Structure formats: structure tokens, C-alpha cells
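Visitor: Have a look at this fold, sequence not included:
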């Protein structure tokens, strides 16, 4: 349900910023290898993509393990929260020398258009509210605030067994 709400809110922003967003299938600049997700999201991926995790191979190191050879996400419908908001104009509050400051950022590929500092708050993805709800869901599972590297979800033992004798399976974390 949380992902559906994120998709609805992000969809509104995607429509609003359609002229500036260059994010398309195969654009993988944000699909980096060090993405970590809450265990509750990792569990969903394990539940829905067990066959891929057990017998599939991760994308080579350096990019997200879940990309296919063409740069498409193999778990798109179940992708984590962080992947659902990539590319959008982002805003968040931070502390600087005892005062709260607003910071903003956007993917360099999506910079063309109105300067993001001039956008109304509601025209940016505000970091915090959905992350807080996700953290609450995580806490309800009793798993603490553990974050799981996406690449680690692949079944490394099965990949080791598939490797020819005397070699090691590539791309093991």
C-alpha cells in the first residue's frame, strides 16, 4: 500500500515535470550498486522474485544488481521506495549551525527547466514523510533499522555451486 501511495504522489510530479524528466527505460545513472533498503522491502523482493534470486545472475558490479542487459529493472513492479522517486526534484530539511535549512537536488540529466530552488514546495518530492512511514513499518517487524544491500539478495551459495570447478562465481559481493 505504501508503494502505491508513493507511485501516486510521484506520478503527479512526473506529469508536472514531464518536459524536464529524461528518465526512461535504460537510463541507469541512478541505478548504482550501493543501494541499501529496509529489510521489510528486501523481504518483499525475496517473496516475489525468489526464482530470480535463486537462479539468476546479478547485473555486473558497478550498477544495480537487478538491471538486465538492456538496463531495464527486473523487479520494476516491486522496486524499493528509493527507486520510485529517482529523477524528481527533491527537497529536504537539514540542520546547519543550529538552524534549519532547506536543500534541493535533481538528477543532472533533469536540470534543464525552471531552477529547482524556484519551484513551489509541493512541486518537489519532500524527503522525510514516506521514509518515516517506511521506518515505522520496519520497526513493527522487530528488525530494527537494518538496511540490506540489494546485491546481497541474490543467492550467492547457488551461484557458487553453478560456477565451474576451480573458478569462482563472478560479481559476488
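Guide: Happy to help now that I have it. Quick caveat: nothing in here was measured; it's all calculated off a predicted structure.

Visitor: I'd like to know the phi and psi angles of residue 141, please.
Guide: The phi/psi pair for residue 141 (degrees, to the nearest 10) reads phi -80, psi -10.

Visitor: The residue lying closest to it once chain neighbours are set aside: neighbouring residues, count only.
Guide: Counting by CB to CB, 6 or more residues apart in numbering, residue 40 is the residue found nearest to residue 141 once chain neighbours are left out, at 5.6 Å. All C-beta spots, glycine's among them, are computed from the backbone N, C-alpha and C. Using other CB atoms under 10 Å, residue 40 has 20 neighbouring residues.

Visitor: From residue 81, how far off is residue 40?
Guide: 10 Å (CB to CB, to the nearest Å).

Visitor: Need the overlap of contacts for these two.
Guide: Contact criterion CB atoms under 8 Å, 6 or more residues apart in numbering; residues shared by residue 40 and residue 81: residue 134.

Visitor: ok, which stretches of this protein are helices?
Guide: Counting by DSSP state H, the segments of the chain that form helices are 2-16, 39-48, 50-55, 81-84, 129-140, 156-162.
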